[in-house]
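Trainee: okay, predicted coordinates and the sequence, questions at the end:
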Amino acid sequence: MSDSDRPVVLIVEDEPDVAETYRLWLREDYEVEMAHDGDEGLSKLDADVDVVLLDRMMPGLSGDEVLEQIRERDLDCRVSMVTAVEPDFDILEMGFDAYLSKPIRSEELHETVENLLDRSAYDGLLQDYYSLVEKRATLEATKSNAELAESEEYDELKEEIAELQDDLSDSLGGIEDDADFIATLRGLSNDEAE
Amino acid sequence: MTKRSEPQETMYDLSRVLDFDALSSVRPGTSLLVAGPAMTGKDELALELLRDGAREGEGAVVVTTNDDAADIAADFRESVPDLEDSQLGVIDCRGDSGGDGEGTEGVYVHHVSSPGDLTGIGIGITKALEGLHNSGRDQGRLALFSLSTMLTYTDKKTVFKLCHILSSRLDAAGYVGVFTIDSGAHDDQTLQVIKQAFDGLVEVREDDGTRQARVLGLSSDPSDWQDL
């Protein structure tokens, strides 16, 4: 548990030296938690965890099995698989949000964690945007055009909607990237399952 | 991030299919909603917009909850005589495995387990766009029909978000999107919400046996109703 506002990264990695290296790289920017195998990873996972770095090959529960349980528990965290070899299969289809292949450089690790946090931020913005759009639709359905023209609330709402639209097109580069696109859609399916 | 309003971008002319001024020069990245009652030819209109582009050499991506991929492929082959390999992608969301793929040679086909499998649809669209891009097509049109079927699998919030995300993706690809919805199948509030995910709206209606359409949202005033 952390009482700061910093994003929480959970490292699930069975090699202590490797895990410690990641922790040292990340601890300035994030709350870092560590788990030494899949079972410990699952027990440390709660709603506070934003990003999970999940080693694929571990004794006991494998990374794939841990991922499956994360998806089943409908946790909102984003998961990057960490592999020793470049995967020869579609990691997006498997439900990972990103992957890193060893050896990982510090810069690469930071970039991946930031990108995954951006996706969560995008989801939040999209949810806010929807709420405003729904409010607007309700006003439009219940008030006459004359009433709307007079309504300050309606004007403000339209302004807020335009602002959020800009924020959305600025975040994640407007969903230019395939992995961002699919992960964002996966987020929708998860929301719906709740 | 790059601004997408560069002057050299090629506009889309949709007025060969729908003869409205507002549709003669449509910015890449524009997404349109085609709304109207049942049996007013909305899906056919969306398909014709894609076939028209394909005749000019553009890419076409069809996301369907209603039709067989092989039927779509046959239809394109018949009405787009010069259709090339890897010019058409079909994401078939009806939930059958699609048999042996007969009749879809040269067409990229992706089967999705159900219209509610949004991740699967996203993967299909990504691969279709990738195929088109690799074959050198940087212009294209995507049609999704229908949102009404999707709304029976998931709620309006999810469909709204889906439309927004797809529109953003099409914007990044420089494509034009056409989505259809049966206006008689949903309450006003739902329609009002879904409309707001789009840049423009094409309304279709039937009046005394004549099909009519009008365009809203792309220019400051709505167009008049015109016979189709």
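Mentor: It's in.
Trainee: for chain B, which residues score under the pLDDT cut-off?
Mentor: In the predicted model of chain B, residues B:1-8, B:97-100 satisfy pLDDT under 70.
Trainee: which residues does the residue nearest to B:Asp188 when sequence neighbours are not counted contact?
Mentor: In space, and not counting its chain neighbours, B:Asp188 is closest to A:Ala141: 5.3 Å by Cβ to Cβ, 6 or more residues apart in numbering or on different chains. Backbone N, C-alpha and C define where each C-beta goes, glycine included. By Cβ atoms under 8 Å, 6 or more residues apart in numbering or on different chains, the contact set of A:Ala141 is B:Asp188, B:Gln189, B:Gln192.
Trainee: roughly how far apart are A:Ala141 and A:Glu153?
Mentor: Distance of A:Ala141 to A:Glu153, computed by Cβ to Cβ, to the nearest Å: 15 Å.
Trainee: in the sheet, who's paired with the spatially most central residue of chain B?
Mentor: Geometric centre of chain B, nearest residue: B:Ala143, 1.6 Å, by Cα atoms, centre = their mean. B:Ala143 has the following beta-bridge partners by DSSP bridges: B:Val62, B:Val178.
Trainee: my guess is it contacts B:Leu47. True?
Mentor: Yes: using Cβ atoms under 8 Å, B:Ala143 makes contact with B:Leu47 at a distance of 6.3 Å.
Trainee: between those two, what contacts are shared?
Mentor: Common contacts of B:Ala143 and B:Leu47, defined by Cβ under 8 Å, 6+ apart, comprise B:Val62.
Trainee: give me the neighbour count for B:Gly131.
Mentor: Residues lying near B:Gly131 (other Cβ atoms under 10 Å in any protein chain shown) number 19.
Trainee: same check on A:Ile11?
Mentor: A count of neighbours around A:Ile11, defined by other Cβ under 10 Å, yields 24.
Trainee: which SSE is it in?
Mentor: If you go by DSSP states H and E, A:Ile11 is part of strand A:8-12.
Trainee: each with direction, which strands does that strand pair with?
Mentor: Counting by DSSP bridges, strand A:8-12 is paired with strand A:31-35 (parallel), strand A:49-55 (parallel).
Trainee: who's residue 31 bridged to?
Mentor: I went with chain A, as the question did not name one. Beta bridges link A:Glu31 to A:Val8, judged by DSSP bridges.
Trainee: sorry, should have said chain B
Mentor: Under the criterion DSSP bridges, B:Ser31 forms beta bridges with B:Gly177.
Trainee: ok, now how distant is it from A:Tyr30?
Mentor: From B:Ser31 across to A:Tyr30, the span is 37 Å (Cβ to Cβ).
Trainee: report the buried residues of the host helix or strand of A:Glu107.
Mentor: Element membership for A:Glu107 (DSSP H and E) is helix A:106-142. Buried residues in helix A:106-142, defined by neighbour count with 16 or more other Cβ atoms under 10 Å in any protein chain shown: A:109, A:112-113, A:115-117, A:119-120, A:122-123, A:125-126, A:129-130, A:132-137, A:139-140.
Trainee: show me which of these neighbour chain B.
Mentor: Residues of the buried residues of helix A:106-142 in contact with chain B (Cβ under 8 Å from any Cβ of the partner chain): A:Leu126, A:Tyr129, A:Tyr130, A:Val133, A:Glu134, A:Arg136, A:Ala137, A:Glu140.
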